[in-house]
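A.B. asks: Got a predicted model here, sequence first, then my questions.
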Amino acid sequence: MRIHEAAEQLGLSQRAIKYYENEGLLKVGRDENGYRNYTQQDLNQLKKISLYRRLGIAVKDIEDLLKNEDPSRLREILIKKQNQLHQDHMQLQALEKYLSEGDLDEALQTIDYETIAQAMRDMFPGFTGYYFMHHFMPYLQIRITTPQQQAAYQRILTFWDSVSIKIPLLLRLISFVQYKLGGDKAFSQAEKMENQMKQMIELSDQDYEKLKRQVLQGVKLKTSFPMKYHPAFIAQRKLMKQLQDCGYNDIFIPSMIALSPAYKTYHEALDRMNQRICEDLGLYYNTRYELVFKAKTKPADQREESKDRPV
């Protein structure tokens with residue numbers, strides 16, 4: 001069976017089928033003319049993939065499901081769906097009661113946000129909330145389920161209510177365009193988180209060397225004259241100083257780590273990567289929040305020799 005026939009029979013697009021093949025979820029043989037030849041086994045595999053995607057399972061997890069055929073993962077999804085249905089039922093009952101009795105307080109207690117991300121959008125509305133929070137939204141597609149998470153959530157609310165950060169004009173203009181265009185909606189939050197996690201955790205040696213070269217080129221560019229004094233780089237350093245002074249790194253980031261297990265995993269992987277690159281390249285942030293090279297120390301005999309030279 002050719003790809004267009006398989007796509008038509010299963011209600012999929014040819015692009016989706018090719019994507020699953022490229023991601024290693026499906027291996028299709030070819031006929032004597034070099035065309036993909038989809039067997040009944042391939043179609044059954046595609047049916048499973050389609051089902052798992054409709055259940056919201058990430059591509060990486062689907063690969064594990066297909067390899068291991070572990071029903072426990074599907075059992076977890078079933079329980080999650082059941083909990084979601086129960087929550088939806090409770091909210092519908094609360095809404096009906098509010099419409100009939102007008103008890104606003106009870107409705108507010110019962111009807112909750114679907115995810116922390118939705119709550120955050122309401123707690124920090126407008127451009128400023130978008131600027132500081134949209135990077136974290138992929139990791140907040142969950143509900144608060146523990147007292148520790150609730151406490152972390154409250155710390156985040158208190159933090160942003162107590163600080164006043166001025167976004168430099170140039171950075172504001174750059175991000176405002178994306179904010180108005182809604183660029184963050186280009187792909188799903190779950191897929192964005194999956195890609196970021198995969199990039200940090202499963203970075204190959206080849207990709208690491210490529211990343212290290214990019215960082216090296218970036219540092220050389222930012223520390224060179226006259227780029228060192230470019231308005232964009234100056235604005236970045238000013239913002240970094242504001243964030244450090246207001247407790248962003250000491251209060252907000254630790255609270256985000258406590259709030260989201262997924263962000264905790266990502267942050268730890270990112271921190272390890274930063275430390276590794278800085279050690280390999282000899283980099284550090286100076287007091288002006290510039291990423292610079294560490295000064296090379298001379299051996300003791302060379303230092304003594306330099307002292308004896310006439311000035």
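C.D. replies: Looks like it came in fine.

A.B. asks: and Asn249, what does it touch?
C.D. replies: Listed by C-beta atoms under 8 Å, 6 or more residues apart in numbering, the contact set of Asn249 reads Leu243. Any C-beta I mention is one placed from the backbone N, CA and C, and that applies to glycine too.

A.B. asks: Pull up the per-residue confidence for it.
C.D. replies: With respect to pLDDT, Asn249 has a value of 94.

A.B. asks: And it, its phi and psi?
C.D. replies: Main-chain dihedrals, Asn249, degrees, to the nearest 10: phi -80, psi -20.

A.B. asks: Roughly how far does it sit from Gln178?
C.D. replies: Distance, Asn249 to Gln178, using C-beta to C-beta, to the nearest Å: 24 Å.

A.B. asks: Equivalent analysis for Leu259, please.
C.D. replies: Leu259 is 24 Å from Gln178, by C-beta to C-beta.

A.B. asks: which of these two has more neighbours?
C.D. replies: Leu259 (25 against 13; other C-beta atoms under 10 Å).

A.B. asks: if I look at that one, how far off is Ala152?
C.D. replies: Leu259 is 4 Å from Ala152, by C-beta to C-beta.

A.B. asks: so where's the stretch 201-311 of the chain shaky on pLDDT?
C.D. replies: Residue ranges of the stretch 201-311 of the chain with pLDDT under 70: 296-311.

A.B. asks: ranges for the strands of it?
C.D. replies: For the stretch 201-311 of the chain, applying DSSP state E, counting those that start in this stretch gives strands covering 283-285, 291-293.

A.B. asks: any chance of these in JSON lines, plus mean neighbour count?
C.D. replies: Putting these into JSON lines (neighbours: other C-beta atoms under 10 Å) gives the following:
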{"stretch": "strand 283-285", "mean neighbour count": "14"}
{"stretch": "strand 291-293", "mean neighbour count": "15"}
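
A.B. asks: Tell me which of the ones you listed approaches Tyr208 most closely.
C.D. replies: Closest to Tyr208 of these is strand 283-285 (C-beta to C-beta; 15.1 Å).

A.B. asks: The closest one pairs with which strands?
C.D. replies: Strand partners for strand 283-285, identified by DSSP bridges, are recorded as strand 291-293 (antiparallel).

A.B. asks: what's the spacing between the strand it pairs with and its chain's center?
C.D. replies: Strand 291-293 sits 26 Å away from the centroid of its parent chain (C-alpha atoms, centre = their mean, to the nearest Å).

A.B. asks: next one: stretch 100-113
C.D. replies: 33 Å.

A.B. asks: Report the buried residues of it.
C.D. replies: Neighbour counts over stretch 100-113 (16 or more other C-beta atoms under 10 Å) mark 107, 110 as buried.

A.B. asks: before we move on, what about stretch 170-181?
C.D. replies: 170-171, 175, 179.

A.B. asks: May I see those residues organised as TSV, with secondary structure, distance to Arg15 and pLDDT added?
C.D. replies: Listed next are the buried residues of stretch 170-181 as TSV, based on DSSP: H, G, I helix; E, B strand; the rest coil; distance: C-beta to C-beta, whole Å; pLDDT from 0 to 100:
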residue	secondary structure	distance to Arg15	pLDDT
Leu170	helix	39	88
Leu171	helix	36	89
Ser175	helix	31	86
Tyr179	helix	30	77
